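> Here's my sequence, what's the structure:
(chains A and B)
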Protein chains: 2
Amino acid sequence: VPHARAAIISTGDELLLGQTLNTNSRWLADRLTSLGISVTEHLTLGDDQEALASALQRLCRSSQLVIITGGLGPTEDDLTRPALANVLDEELIEDPVALAHIEAWMKSAGRPMLPAQRTQALRPPSAHMLPNSAGTAPGLAARHKATGCHIFCLPGPPNEMQPMFETSVVPKLRALADSGKDGVSGHVILTRAIHTVGIAEADLAARLGPLMHRRTSPLVGTTASRGIVSCRIRAEGPADIARRQLAETEAQVRAAAGDFVFGQDQDSLAGVVLELLKQRNDRLVVAESCTGGGLAALLTEVPGASAVFLGGWITYANEMKMHELAVTREILDRHGAVSTQCAQAMAQGALRAARDVARPPGQLHALAVTGIAGPDGGSDAKPVGTVFIARATADPGAPMESAEIEVRRFLFRGGREAVRERSARMALAMLRLKLAGLRTERLLWEI
Amino acid sequence: VPHARAAIISTGDELLLGQTLNTNSRWLADRLTSLGISVTEHLTLGDDQEALASALQRLCRSSQLVIITGGLGPTEDDLTRPALANVLDEELIEDPVALAHIEAWMKSAGRPMLPAQRTQALRPPSAHMLPNSAGTAPGLAARHKATGCHIFCLPGPPNEMQPMFETSVVPKLRALADSGKDGVSGHVILTRAIHTVGIAEADLAARLGPLMHRRTSPLVGTTASRGIVSCRIRAEGPADIARRQLAETEAQVRAAAGDFVFGQDQDSLAGVVLELLKQRNDRLVVAESCTGGGLAALLTEVPGASAVFLGGWITYANEMKMHELAVTREILDRHGAVSTQCAQAMAQGALRAARDVARPPGQLHALAVTGIAGPDGGSDAKPVGTVFIARATADPGAPMESAEIEVRRFLFRGGREAVRERSARMALAMLRLKLAGLRTERLLWEI
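Predicted coordinates for the structure are as follows:
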């Protein structure tokens, strides 16, 4: 086995019944992978001691590491402690240090300790408590005797689980990750995600061709989400070989995907666009109709966006388009709010208004989006999903009339949310092509 | 067994490695539960045919239903079809109807069909194809011969998976759900979520008191997400008893949570606020700084928002606040952009500008948000997370000076994303209290 194999178990009826979204598994999987540990499955179970004990038995046989989140609270549906004791074939005992911590925590919160909270100080005799810096429930670390599998039980709330993982689990995992190395050059898992926008997943796969046929390291796969198609590379083996393989494959992927590539790993499209703007000392404003603030929200998700993003107008009602962006009644009457002409007028209006606000040292850009997100409002000529996106760019000091404008028409499918999300991303894709000085190829969904 | 038992499998390296958040399991679990089917586990596996086949074998023995998402794409890392064939002990064949659908889909998108897409038309001979209204990949429905377990394979993208589930899977599940009933009064699972905003989860739990201590039906639990705290009730048993128990418990929960309750089940806070506006024939505009479009995006997520939401201003730069909303230089210099005065001026400016745009038949409302989302920009007096929210309301016909204004100061924790999300929701919470004519109690995080 080249790598330590890990399984992640999340417990809780609210997760199992779909009332709450499980974000812990993803967070843990990402952290474990970055530590060179192979995650083999995520499992979600309800508040069911028998099911948890049975899954833990199964996974201890196939993994070197099992991480369990949830079920450490003070209530009767918190069953991780008894399930662990059952698997270890031990009886729970009270840990005086853990009990003192719980008492001190409640005292500092100005609340009395409830009798039920005493159960949080219980542990199997062979297990160790992991301190909780953000709540009352201590974690547990244990070792399955028959298989040697390491078991960590962490609290469910992410703000308690994450610091406990970093402080108490990571140091122990480093030793475990090392034990899987071959001792000569170090056995590792390396991953790289290459992100593209504007190309279909199937088209990207066709361009990648035989790279995706491989059944051995490095593996290449694609995923699509909200208009972004990512190519994921995973190289595994001795460190020097894996590094070289990853670099070679990455170069091949980048060559195949060409100008559609906008970033890698943690890069977001909005972040990349903002960085390009920053490098050029440009500024950006937006004028949104069907995206209704979603484009601006994508941009302002990025810390530091205020350095180049001035703001914008949400002109959801036609009166707002006329009053705030000087879209004419004639355009609205003759062409409609969903038209090349309206998108163009919105971008020009935004550019004009923004120039009164602040004259940037570099170029000033405006993105305008108008379309039919649905579910209603479509027609034969302009079905639901029809969106016009304009990008206008003015040079510093030059008159407004010389601004350069580009409008593209798209037809997005997949419902209101998908239309809005994809519209915002295609607007950013259009600006990226301009800022990066790339040929404006036809983008996915453009008609 | 009173209920059909179901397991959910999600496949994809991007999920297993933690690169992508799995939202399908939660969505499916919620839908299955509402159909009266007991979900027993969610499992996430990588693009690994052997692991998938082995898990499917195991789950077919313990469940009446297994739903698999992902792995139906056109690329070689899409392995659900061969894994299913393997478990059914059959060889894949090409389905001419499915092939014709893929060809037609690509043609309508103006793109040639790629050879790899042909694999999407493959199915085990005993399986049926499920049509895909939003993409090329058909789903699959099959039955495990040895156990009789029903297997459904759905595409990974939520915008393809969800309509396929509703159209092709739900009708078959209704029969399955019925088969689990006891034949006398019908054994059912009933759930109800009661949503609150502005109260802490622990405070709500304290108000609910003994309702949450129950270990038998109906069960009551709380969950918190993005500023919304929900109380979830689950009643199980013969239909008439479960219905009565659910109604009684719901009444107790509503009484305990009081004015903080804004909706139930699928209600969103934005949807409830828009509905209240519609009933009164009022209109709304927003002026956003730190939320950067997020508040408007929440509102425009709701279909039909355009009936009452006019639009707004994203005044991220101070120059935008001055130029577009007439915030004075003096306010910015003396009090700063993050202040009661600035929030108030933004709301007044938005109200004034909106009245030039359109005079509503009812009242006109403006919500303004300004704060420090972080990670930088905090000070001792105004730490990161400090947000001022103003709500201004003008009567139809009355002079602007008579507009009623309320400003609240909040301190949100949990990082940039949490500060932005909670700010938008607290702005809506303030407007809801006003529209519903409720006492403006102190809201969570208000200081």
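> Output the below-cut-off pLDDT ranges for chain A.
A:1-3, A:76, A:109-111, A:177-186, A:440 (pLDDT under 70).
> most distant residue from the middle of it?
residue A:330 (43.0 Å; Cα atoms, centre = their mean).
> which residues sit in contact with residue A:378?
Residue A:378 makes contacts with A:372, A:384-386, as judged by Cβ atoms under 8 Å, 6 or more residues apart in numbering or on different chains. From N, CA and C alone the C-beta is placed, and that goes for glycine too.
> Could I get the full set of helices for the stretch 301-447 of chain A?
Along the stretch 301-447 of chain A, counting by DSSP state H, counting those that start in this stretch, helices occupy A:318-325, A:329-334, A:340-357, A:415-435.
> Give me the subset of the contacts of residue A:378 lying in strands.
Counted as lying in strands by DSSP state E, out of the contacts of residue A:378, are residue A:386.
> The contacts of residue A:378 into TSV, with extra columns for distance to residue B:201 and neighbour count?
Formatted as TSV, the contacts of residue A:378 follow (distance: Cβ to Cβ, whole Å; neighbours: other Cβ atoms under 10 Å in any protein chain shown):
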residue	distance to residue B:201	neighbour count
A:372	39	23
A:384	39	19
A:385	39	23
A:386	43	24
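> JSON lines please, covering the contacts of residue A:378 and showing distance to chain B.
Listed next are the contacts of residue A:378 as JSON lines, based on distance: Cβ to the nearest Cβ, whole Å:
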{"residue": "A:372", "distance to chain B": "11"}
{"residue": "A:384", "distance to chain B": "11"}
{"residue": "A:385", "distance to chain B": "11"}
{"residue": "A:386", "distance to chain B": "14"}
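> Rebuild the helices of the stretch 301-447 of chain A as CSV, extending it with distance to residue B:266.
As requested, the helices of the stretch 301-447 of chain A are arranged in CSV below (distance: least, Cβ to Cβ, whole Å):
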stretch, distance to residue B:266
helix A:318-325, 29
helix A:329-334, 34
helix A:340-357, 33
helix A:415-435, 14
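> For residue A:289, which non-adjacent residue is spatially closest?
residue A:370 (4.1 Å; Cβ to Cβ, 6 or more residues apart in numbering or on different chains).
> all strands of the stretch 1-150 of chain A, in order?
Secondary structure of the stretch 1-150 of chain A (DSSP state E, counting those that start in this stretch): strands at A:5-11, A:38-45, A:65-69, A:93-94, A:122-123, A:128-130, A:139-143, A:150-154.
> Now do the longest one against strand A:5-11: the angle between them, please.
Comparing the axes of strand A:38-45 and strand A:5-11 via axes from the mean of the first three to the mean of the last three Cα atoms, to 10 degrees yields an angle of 20 degrees.
> so how far is strand A:38-45 off the chain centroid?
Here strand A:38-45 is found 19 Å from its chain centre; the criterion is Cα atoms, centre = their mean, to the nearest Å.
> name the helices or strands packed onto that strand?
strand A:5-11, helix A:13-16, helix A:24-34, helix A:49-62, helix B:13-16, strand B:38-45, helix B:49-62 (3 or more Cβ pairs under 8 Å, 6 or more residues apart in numbering or on different chains; DSSP states H and E).
> of all these, which lies closest to residue B:435?
helix A:13-16 (30.3 Å; Cβ to Cβ).
> Identify the residues contacting the closest one?
By Cβ under 8 Å, 6+ apart, the list of residues contacting helix A:13-16 reads A:19-20, A:22, A:44-47, A:70, A:77, B:26, B:29, B:39-42, B:219, B:221, B:223, B:232, B:234.
> Only C-alpha atoms, please: export it in PDB.
Extracted in PDB, the C-alpha atoms of helix A:13-16 (Å, rounded to 0.1, in the frame of the first residue of the first chain):
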ATOM      1  CA  ASP A  13     -30.000  12.500  11.500                       C
ATOM      2  CA  GLU A  14     -30.100  16.100  10.100                       C
ATOM      3  CA  LEU A  15     -27.400  15.100   7.600                       C
ATOM      4  CA  LEU A  16     -28.900  11.700   6.700                       C
END
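> quick one: buried residues of it?
By neighbour count on 16 or more other Cβ atoms under 10 Å in any protein chain shown, the buried set for helix A:13-16 is A:13-16.
> same deal with stretch A:106-126?
Within stretch A:106-126, the residues that count as buried by 16+ other Cβ under 10 Å are A:113, A:117, A:119-124.
> swap in stretch A:254-268?
A:256-257, A:260-264, A:268.
> Which two among those are spaced furthest apart?
A:256 and A:268, at 22.2 Å, using Cβ to Cβ across the buried residues of stretch A:254-268.
> out of everything not next to it in sequence, what's closest to residue A:424?
Per Cβ to Cβ, 6+ apart, closest to residue A:424 is residue A:295, 4.1 Å.
> quick one: contacts for the one you found?
Residue A:295 touches A:286, A:288, A:312, A:367, A:369, A:423-424, A:427-428, B:293, counting by Cβ under 8 Å, 6+ apart.
> now for these, which pair is the farthest apart?
Most distant of these, by Cβ to Cβ, are A:312 and A:423, 14.3 Å apart.
> okay, those two: which has more neighbours?
Neighbour totals were compared for residue A:312 and residue A:423, and residue A:312 leads with 34 against 28 (other Cβ atoms under 10 Å in any protein chain shown).
> My read is that residue A:427 contacts residue A:371, right?
No: applying Cβ atoms under 8 Å as the test, residue A:427 and residue A:371 come out as separate, 10.7 Å apart.
> So which of the buried residues of stretch A:254-268 belong to helices?
A:256-257 (DSSP state H).
> Take the buried residues of stretch A:254-268 and lay them out in CSV including distance to residue B:339.
CSV is the format used below for the buried residues of stretch A:254-268 (distance: Cβ to Cβ, whole Å):
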residue, distance to residue B:339
A:256, 52
A:257, 47
A:260, 45
A:261, 43
A:262, 38
A:263, 37
A:264, 40
A:268, 31
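> Sticking with residue A:222, tell me its helix or strand.
Assessed by DSSP states H and E, residue A:222 sits inside strand A:219-225.
> Which strands or helices does that strand pack on?
Counting by 3+ Cβ pairs under 8 Å, 6+ apart, strand A:219-225 packs on helix A:201-208, strand A:228-238, helix B:13-16.
> at 7 Å instead, please
The contact analysis (3 or more Cβ pairs under 7 Å, 6 or more residues apart in numbering or on different chains; DSSP states H and E) places strand A:219-225 against helix A:201-208, strand A:228-238.
> what's the closest of the ones you listed to chain B?
Taking Cβ to the nearest Cβ as the criterion, chain B comes closest to helix A:201-208 out of the helices and strands packed on strand A:219-225, the separation being 4.5 Å.
> Which elements pack onto that closest one?
Judged by 3+ Cβ pairs under 7 Å, 6+ apart, helix A:201-208 is in contact with strand A:219-225, strand A:228-238, helix A:239-257.
> Can I get these in CSV including distance to residue B:187?
Formatted as CSV, the helices and strands packed on helix A:201-208 follow (distance: least, Cβ to Cβ, whole Å):
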stretch, distance to residue B:187
strand A:219-225, 39
strand A:228-238, 45
helix A:239-257, 53
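> From residue A:421, how far out is residue A:340?
Distance of residue A:340 to residue A:421, given as Cβ to Cβ, to the nearest Å: 22 Å.
> just residue A:441 next, same as before
Residue A:441 is 21 Å from residue A:421, by Cβ to Cβ.
> Return the residues of the stretch 201-350 of chain A in contact with chain B.
Residues of the stretch 201-350 of chain A found near chain B (Cβ under 7 Å from any Cβ of the partner chain) are A:201-202, A:205-206, A:212-213, A:221-225, A:232, A:292-297, A:299-300, A:303, A:306, A:309-317, A:319-320, A:323.
> Drop anything exposed from those residues.
For these, buried by 16+ other Cβ under 10 Å: A:201-202, A:205-206, A:212, A:221-225, A:232, A:292-297, A:299-300, A:306, A:309-317, A:319-320, A:323.
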